[in-house]
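>>> quick check, what structure comes out for this input:
(chains A, B, C and D)
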2 protein chains.
Amino acid sequence: MVKAYCKQCSFKSLATAKLTDNELEILESGCAEVSFKTGEIIIKQNSLSNSITYIKSGLVKIHINGPVKEKIIKIIKAPKYLCLNSNFSEKINHFSATALEDTIVCFLNLESFKKFIYENGDFAYQIILDMSKNEIKDFHSCLNNAQKQTAGRIAEAILFFANEIYNSKNFTLPISRQDLGDLVGTTRESVSRILTDFHNDKIISLEGKIISILNEKLLNDISEKG
Amino acid sequence: MVKAYCKQCSFKSLATAKLTDNELEILESGCAEVSFKTGEIIIKQNSLSNSITYIKSGLVKIHINGPVKEKIIKIIKAPKYLCLNSNFSEKINHFSATALEDTIVCFLNLESFKKFIYENGDFAYQIILDMSKNEIKDFHSCLNNAQKQTAGRIAEAILFFANEIYNSKNFTLPISRQDLGDLVGTTRESVSRILTDFHNDKIISLEGKIISILNEKLLNDISEKG
DNA sequence: AATAAAATGTGATATATATCACAAGAAACT
DNA sequence: AGTTTCTTGTGATATATATCACATTTTATT
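Prediction:
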């Protein structure tokens, strides 16, 4: 754990960018910066939550122990708040968060956050915008998961990693087949089969966890048509 | 459309309850109260959104034209904001809303709402709490839909109507079998079959749309175990 | 380097549920 | 009241995907 310097922090969120110097000092005094190595647990489901979690750098999976099996809710790339939403109304964490690569996290004092919401309208509005945008995304991914069939959901996941995480058609999958299954709601076997299908059909090239998108248009079609 | 009297309104949300008399007058001046009959469309997907929608009384389904077929996202009982979340960050409505019974809706001026968030910390915090609570609920229903099998999801839906909408073990289903299928993510045929199964197993009694829960414990088990 | 443990690929089989087809009942309209 | 349209029930069949089983590869540990 490291003393944080919020004022000079270059990873400020849209919300904290609206804080005054005074408020940033308050934020700083209640901020703990912690490093996590790949695979380490950042938040554990059902533990008590008394701070706001901000991912300063790195990559994180948010997962939950569902009624049937493990489910990965989403994958979050820094800089971003980690499920802001549940922090305000709930005392316990409804989910776990695990680092997918070396990650730096700021734990921010919840009470200061509340104070800023009460006293700084700009800040409050940015928080609301952030929550709002997130919800719409979650909404759509939930819908897609519910209606598309497995190949479509896997195609979607590949495009997600390419476009939103790595900004490249060539990347190394940061999760196992099992995790990819938990993310899109299928089994590791089905993931395996569909990935090799995509490879055989020259839609992607696949070598272990190294993926290159060869036919983006087709992958898009599969993702959209389900 | 009727002139609204927000000050005296006895259906105030937790947030608007924090507004001053002055602010309530501003709210009132930008508020239109509209009645909808059963089956009428309140909001149409892809239409422009420039107001906050508050369900004053009645019952509403929120649905979306998914990649494959229609999906009912959730059913909302008054008094409640109708998907507050998407209102702030998006100019177009991402979903449709249809009245399931006669419903009264207040369309509130978005700009006034923003103004209140900026100027009234109590109000802003209540809005954030509301969004936050909603998200957690949506979260869980999404998870359940993804992992449980059909009988479990239908059991869950029956319990939802009993416990959260009608507060009674005896109620009349406000939607068709098709709609129930769209809500839990299955076909109308499967809904039919499972409902008659439940009836034959004396878990519910079923007569058209009239449902009575006979064995709540078992229904709960089916809902939880998936 | 050797051994253990975890992750992955792939075939055979089982199963839940969608789809198709049609009949019957209820509701809405003329 | 009669006709049309929408809703519902139920059987037969198709199909996507889970499950099981086992071999193989990769990664971690001693």
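
>>> check which residues of stretch A:51-70 are buried.
Neighbour-count burial for stretch A:51-70 flags A:51-56, A:58-64, A:66-67 (criterion: 16 or more other CB atoms under 10 Å in any protein chain shown). All C-beta atoms are positioned from the backbone trio N, CA, C, and that covers glycine.

>>> next one: stretch A:192-210
A:Ile194, A:Leu195, A:Phe198, A:Ile203, A:Ile204, A:Leu206.

>>> what strand or helix carries the residue at minimal distance from the centre of chain A?
Nearest to the mean C-alpha position of chain A, counting by CA atoms, centre = their mean, stands A:Ile76 at 1.6 Å. Using DSSP states H and E, A:Ile76 sits within strand A:70-77.

>>> so what touches the helix or strand following that strand?
Using DSSP H and E, the helix or strand that follows strand A:70-77 in sequence is strand A:80-81. Counting by CB atoms under 8 Å, 6 or more residues apart in numbering or on different chains, strand A:80-81 makes contact with A:Ser13, A:Ile52, A:Thr53, A:Tyr54, A:Ile55, A:Asp130, all of which sit outside it.

>>> of those, closest to chain B?
Here the nearest of the contacts of strand A:80-81 to chain B, counting by CB to the nearest CB, is A:Asp130; it sits at 8.6 Å.

>>> mind giving me the domain split of chain A?
Here the domain parsing of chain A from automatic domain parsing is A:2-138, A:148-225.

>>> lowest-confidence stretch among the ones you listed?
Lowest mean pLDDT within the domains of chain A: domain A:2-138, a mean of 91.

>>> is DNA strand D contacted by it?
No. Domain A:2-138 lies out of reach of DNA strand D by CB under 7 Å from any atom of the strand, never closer than 7.7 Å.

>>> from the buried residues of stretch A:51-70, which two are the most distant?
A:Lys56 and A:Pro67 (33.3 Å; CB to CB).

>>> do the lengthiest helix in chain A and DNA strand C meet at all?
The longest helix of chain A (DSSP state H) is helix A:121-147. No. Using CB under 7 Å from any atom of the strand, helix A:121-147 stays clear of DNA strand C, with a minimum separation of 10.0 Å.

>>> quick one: the next helix or strand after that helix near DNA strand D?
Counting by DSSP H and E, the next helix or strand C-terminal to helix A:121-147 is helix A:150-160. Yes. Helix A:150-160 comes into contact with DNA strand D (CB under 7 Å from any atom of the strand), by way of A:Thr150, A:Ala151.

>>> who's in contact with whichever helix or strand comes after helix A:150-160?
Using DSSP H and E, the helix or strand that directly follows helix A:150-160 along the chain is strand A:170-172. Applying CB under 8 Å, 6+ apart, the contact partners of strand A:170-172 are A:Phe161, A:Ala162, A:Ile165, A:Lys209, A:Ile210, A:Ile211, A:Ser212, A:Ile213.
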